[in-house]
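# generate coordinates for the sequence data below:
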Amino acid sequence: MVGVAELRRQKGYARPMPAPEHHIAFGPVPSRRLGSSLGINNVVAKTCSYCCIYCQVGATTEQRIEPRPFFTPKQVQAAVATRLRKIAATGAKIDFLTFVPDGEPTLDARLGDSIEALLGFGLPVAVITNGSLLWRAEVRRALTRADLVSVKVDTVDDAIWRRINRPQRELELPRVLEGIRQFAAAYDGTLLSDTTLIAGVNDASDSISATADFLAGIRPQTAYLAVPTRPTAVAGIRGTDESGLLHARRIFSTRLPRVETLAEHEIGEFTPSGDARGDLLAITAVHPMREDDVRRLLKGNHADWRVVQSLLSEGSLKAVRYQGQTFYLRPARCDRSAM
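A predicted model of the protein is given here:
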């Protein structure tokens, strides 16, 4: 396997990549499902069991299915406490503490203990997971401690699953789906499902119907149908169009009691902490930001565009055009050959 330094030499980069700055707690950010969400990035970039073609934080750089420790529960708790103190001074409201890293949160072997460590803050704790590791009993146990779990189910067809989610080679879809079933049967918190529809991949009627049938069996409180609204890991990927999304909603609604579509950008403000650089690096590691949102965040931090220019110059931030808008995000640290 070619190393990162050699790859960069071959591509003609003269300046070495900066060491990534990891921020465990970030935001709060506006969430289309959870309101004002204080994010928790509990794994290092980008450790995941999938390499979804539509992922907004880029290609997976460490693909694995064995959980391992990343940060201690005390580190997670301290990072959240510090962030909450800063946010309290702004008067901003927080609806959820949400494990939503630039990877898969259940790959954190200490996830359950970290959830437990946050319960004392008196805010509901959510976990956004791709569900691929719920066949592991220890992962199911860890997630039962959360108040809300959102689980991804883009398809129940193996060929489509491998095309859209590009799972780690040892994963098997029947095992993944059975793990989701087992978790849903035992979980007494709020369960949501998330299905992202990609044009020409998983938006055919038979595929949507089969996915809806599976979801009806796990009975999520709300089944969300989404399309990408930010830059995707694979160039040229587009969500199903408006008519396709409405068609999918009609199919889902015949089987599920509550279906909602997520086809627009989130509404709300990114709360400034007084540290413009830190805010941008923490948020864009997980959540690419539109230029207008970046400008508002800078204004709230009493900073100007020179902060962005500096981050772009040092390679800590990059600008990407997507669907007619400019987004700012953290660049990938490795090549997909590492998978």
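
# going by C-alpha atoms from here, please, whenever you check contacts or count neighbours.
Fine.

# the helices in the stretch 1-150 of the chain, which residues?
4-10, 73-88, 111-118, 137-143 (DSSP state H, counting those that start in this stretch).

# where among these is average confidence lowest?
The weakest mean pLDDT among these belongs to helix 4-10, with a mean of 39.

# deepest in the core, which of the helices of the stretch 1-150 of the chain is it.
helix 111-118 (a mean of 21; mean count of other C-alpha atoms under 10 Å).

# other SSEs contacting that helix?
helix 73-88, helix 137-143 (3 or more C-alpha pairs under 8 Å, 6 or more residues apart in numbering; DSSP states H and E).

# can you lay out the ones you listed as TSV showing distance to residue 165?
TSV is the format used below for these (distance: least, C-alpha to C-alpha, whole Å):
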stretch	distance to residue 165
helix 73-88	28
helix 137-143	20
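
# these: which one's closest to residue 40?
Across these, residue 40 has its closest neighbour in helix 73-88 (7.8 Å, C-alpha to C-alpha).

# which residues touch that closest one?
Under the criterion C-alpha atoms under 8 Å, 6 or more residues apart in numbering, residues 24-26, 40, 42, 110-111, 113-115, 117-118, 271-273 lie in contact with helix 73-88.

# so that helix versus helix 111-118, what angle?
If you take axes from the mean of the first three to the mean of the last three C-alpha atoms, to 10 degrees, helix 73-88 sits at 40 degrees to helix 111-118.

# check contacts around residue 285.
With C-alpha under 8 Å, 6+ apart, residue 285 has these contacts: 57, 102, 329, 330.

# quick check on the residue nearest to residue 316 when sequence neighbours are not counted: phi, psi?
For residue 316, ignoring the flanking residues on the chain, the nearest one in space by C-alpha to C-alpha, 6 or more residues apart in numbering is residue 330 at 6.1 Å. Main-chain dihedrals, residue 330, degrees, to the nearest 10: phi -80, psi 130.

# surely residue 330 touches residue 312?
No - with contacts counted by C-alpha atoms under 8 Å, residue 330 stays clear of residue 312, the gap being 9.6 Å.

# quick check: neighbours shared by the two?
residue 318.

# who's in contact with residue 304?
Contacts of residue 304 (C-alpha under 8 Å, 6+ apart): 295, 298.

# and residue 91, how many residues sit next to it?
9 (other C-alpha atoms under 10 Å).

# give me the pLDDT value at it.
At residue 91, pLDDT is 80.

# what ranges in this structure fall below the confidence cut-off?
1-21, 264-269, 332-339 (pLDDT under 70).

# the residue most central in space within it and residue 209: what is the separation?
For the chain, the residue lying nearest the average C-alpha position, counting by C-alpha atoms, centre = their mean, turns out to be residue 100 (5.1 Å). As judged by C-alpha to C-alpha, to the nearest Å, residue 100 and residue 209 stand 28 Å apart.

# what about residue 182, which SS state?
helix (DSSP: H, G, I helix; E, B strand; the rest coil).

# ok, how many other residues are close to it?
By the other C-alpha under 10 Å criterion, the neighbourhood of residue 182 contains 15 residues.

# same deal with residue 325?
Neighbour count for residue 325, taken as other C-alpha under 10 Å: 12.

# that one and residue 288 touch, don't they?
No - at 11.6 Å, residue 325 does not count as touching residue 288 under the criterion of C-alpha under 8 Å.

# which secondary structure elements does the host helix or strand of residue 247 contact?
Using DSSP states H and E, residue 247 maps to helix 242-253. On a contact count with 3+ C-alpha pairs under 8 Å, 6+ apart, helix 242-253 meets helix 205-218, strand 222-226, strand 259-262.

# which of the contacts of residue 285 fall within strands?
Those of the contacts of residue 285 mapping onto strands are residue 329, per DSSP state E.

# between the contacts of residue 285, which is nearest residue 131?
In terms of C-alpha to C-alpha, no member of the contacts of residue 285 lies closer to residue 131 than residue 102, at 15.1 Å.

# so what's the closest residue to the closest one other than its chain neighbours up against?
Setting aside the residues directly before and after it, residue 102 is nearest to residue 286 in space (C-alpha to C-alpha, 6+ apart), at 4.9 Å. The contact partners of residue 286, by C-alpha under 8 Å, 6+ apart, come to 41, 56, 57, 100, 101, 102.

# same thing but at 7 Å, please
Contact analysis of residue 286 by C-alpha atoms under 7 Å, 6 or more residues apart in numbering lists 57, 101, 102.

# swap in residue 27?
Contacts of residue 27 (C-alpha under 7 Å, 6+ apart): 38, 39, 270, 271, 283.

# quick check: the fourth one is in a strand.
No - for residue 271, which was evaluated using three-state DSSP, the result is coil, with no strand membership.

# could you verify my assumption that it touches residue 28?
Yes - between residue 271 and residue 28 a contact is recorded at 5.8 Å, counting by C-alpha atoms under 7 Å.

# neighbour count for the two, which is higher?
Set residue 271 next to residue 28 and count neighbours by other C-alpha under 10 Å: residue 28 wins out with 29 against 23.

# and the gap between the spatially closest residue to the more buried one that is not a sequence neighbour and residue 319?
Closest residue to residue 28 apart from its sequence neighbours, by C-alpha to C-alpha, 6+ apart: residue 38 at 4.0 Å. From residue 38 across to residue 319, the span is 24 Å (C-alpha to C-alpha).
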